[in-house]
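>>> task: produce atomic coordinates for the following.
(chains A and B)
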2 protein chains.
Amino acid sequence: MQLAILLYDRFTTLDAIGPYDTLSRLPGAEAVFVGERTGPYRSDLGSLGLVADATLAEVTAPDILVVPGGPGQLAHMTDGPLQEWIRAVDAHTTWTTSVCTGSLILGAAGLLKGRRATSHWLALDQLPGLGAEPTGERVVFDGKYVTAAGVSAGIDMGLTLAGRIAGDTAAQTIQLGIEYDPRPPYDAGSPDKAPAEVVAALRGLSRFVLTGEE
Amino acid sequence: MQLAILLYDRFTTLDAIGPYDTLSRLPGAEAVFVGERTGPYRSDLGSLGLVADATLAEVTAPDILVVPGGPGQLAHMTDGPLQEWIRAVDAHTTWTTSVCTGSLILGAAGLLKGRRATSHWLALDQLPGLGAEPTGERVVFDGKYVTAAGVSAGIDMGLTLAGRIAGDTAAQTIQLGIEYDPRPPYDAGSPDKAPAEVVAALRGLSRFVLTGEE
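Coordinates of the predicted model:
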């Protein structure tokens, strides 16, 4: 079972690592990080480099596709090599997935038309323009398309999908292996729960980061 | 504020990324991945390469040190370049931290003597031999030493430490930015909660992985 995780510059690291450190622990799973070129891709913060071991041309029929988000997603919202590759491999996948604004790339590739989907909470309002119906759920299944909310939601997506693929015991074994018994020190992980000034501050920052508009 | 994240071969990726994708989002933070050599280090699963941009000699006085765990920790439990470097930079840190079995490396370096600490649940029984007092808590502060439980606990550690460093609002902003509103699909993230057969299966696997004993 091949798990292909797409890399591009300015991806958000945890978007990619949540699904990686859950799904690649499934028996028989082989993960591959893939990009337009091989070699390191830099994260949104610039201070991290994650290596793509395969080019797009070398990964033609993954069983699972993971598209992470990050401000770098903006550069891949129009037709180009990444979108062409995504559409081509989607014809072969059992599951096509995204985390955070990765769903905007899937949507731009035309894969979410008429489907329920999610994204980072600050990007949900961009989904209708791509033909998708936004939901506020953390992990959304619509057929073989699985989208997760922002960044850390990829862990919940990975475990949920692991259960669908290999059963509850396999998924629980991964959960206990990564000791995923979360205890956030604050209850501020969604806009419904965070203090209003925190939500407002992030809304103020988001327009440029998510759309490129000044 | 320099955040140094130590890399070595066969580290567990999420151990490093939880603290990275929280603490490096603090205003003024500059993260650097550091190793005995620069270039990619492979994860415990082999399928991921994360780049160290600096050698040990190039990072002499980080404000925060993060030591991740992973089966590769076994190779660094005796005196050597990593342990010497950890002791040297610990003389300058404001916070010395670990995730998962990274605490065994800190302990082997002599930094946890007489201190309360935690580790991956399967490795807690190794702490007393290193002079530390194990606790079942998810994030443990003892002076400037902060240890987190297994793998995913590094996210909780990063947010908790972010709050201590920069205040609740800064930490909540990071939490909302990474949409950390966890919804695990199972309640199996600790040995007290997981099905007995899942706990037993992981205990059976752990002896070799954690200690090298056959």
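
>>> residue contacts, A:Tyr41?
Applying C-beta atoms under 8 Å, 6 or more residues apart in numbering or on different chains, we find A:Tyr41 in contact with A:Leu7, A:Tyr8, A:Asp9, A:Phe11, A:Gly35, A:Gly49, A:Leu50, A:Val51, A:Ala52. For glycine as for every other residue, the C-beta is placed from the backbone atoms N, C-alpha and C.

>>> who wins for most neighbours among those?
A:Phe11 (29 neighbours; other C-beta atoms under 10 Å in any protein chain shown).

>>> need phi/psi at the residue lying closest to A:Thr94 once chain neighbours are set aside.
Leaving aside its chain neighbours, A:Thr94 sits nearest to A:Asp63 (4.9 Å; criterion: C-beta to C-beta, 6 or more residues apart in numbering or on different chains). Dihedral pair for A:Asp63: phi -80, psi -40, per degrees, to the nearest 10.

>>> distance of A:Asp63 relative to A:Leu161?
Separation of A:Asp63 from A:Leu161 (C-beta to C-beta, to the nearest Å): 11 Å.

>>> then A:Ser152?
15 Å.

>>> between those two, which has more neighbouring residues?
A:Ser152 (31 against 24).

>>> so, low pLDDT: which residues of chain A?
Under the criterion pLDDT under 70, the flagged ranges of chain A are A:207-214.

>>> mind running it again at 90?
Where chain A drops to pLDDT under 90, the residues are A:79, A:136, A:204-214.

>>> OK, contacts around the residue nearest to A:Thr94?
A:Met1, A:Gln2, A:Leu3, A:Thr93, A:Thr94, A:Trp95.

>>> now those: which count as buried?
The neighbour-count test (16 or more other C-beta atoms under 10 Å in any protein chain shown) applied to the contacts of A:Asp63 identifies A:Met1, A:Gln2, A:Leu3, A:Thr93, A:Trp95 as buried.

>>> of the residues you listed, just say which sits nearest to A:Gly167.
Nearest to A:Gly167 among these is A:Met1, at 14.0 Å by C-beta to C-beta.

>>> thinking again about what came up before, overlap in contacts, A:Asp63 and A:Leu161.
Joint contacts of A:Asp63 and A:Leu161 (C-beta under 8 Å, 6+ apart) are A:Trp95.

>>> can I get stretch A:49-60 as CSV, trimmed to CA atoms?
Extracted C-alpha coordinates of stretch A:49-60, given in CSV (Å, rounded to 0.1, in the frame of the first residue of the first chain):
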residue,chain,number,x,y,z
GLY,A,49,13.7,21.2,5.1
LEU,A,50,11.8,17.9,4.3
VAL,A,51,13.2,15.7,1.5
ALA,A,52,11.2,14.5,-1.5
ASP,A,53,12.6,11.1,-2.5
ALA,A,54,10.6,10.8,-5.7
THR,A,55,9.6,13.1,-8.6
LEU,A,56,6.0,13.3,-9.7
ALA,A,57,6.8,11.2,-12.7
GLU,A,58,8.1,8.4,-10.5
VAL,A,59,4.8,8.1,-8.5
THR,A,60,2.0,7.1,-10.8
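
>>> run the chain-centre distance for it.
Distance, stretch centre to chain centre, for stretch A:49-60: 17 Å (C-alpha atoms, centre = their mean, to the nearest Å).

>>> do stretch A:137-148 as well
11 Å.

>>> start and end of stretch A:23-33, how far apart?
13 Å (C-alpha to C-alpha, to the nearest Å).

>>> now tell me what touches it from outside.
For stretch A:23-33, using C-beta under 8 Å, 6+ apart, the contacting residues are A:1-5, A:7, A:16, A:20, A:50-54, A:59, A:62, A:64, A:66, A:158, A:161-162, A:165-166, A:170, A:174, A:177-178, B:45, B:47-49.
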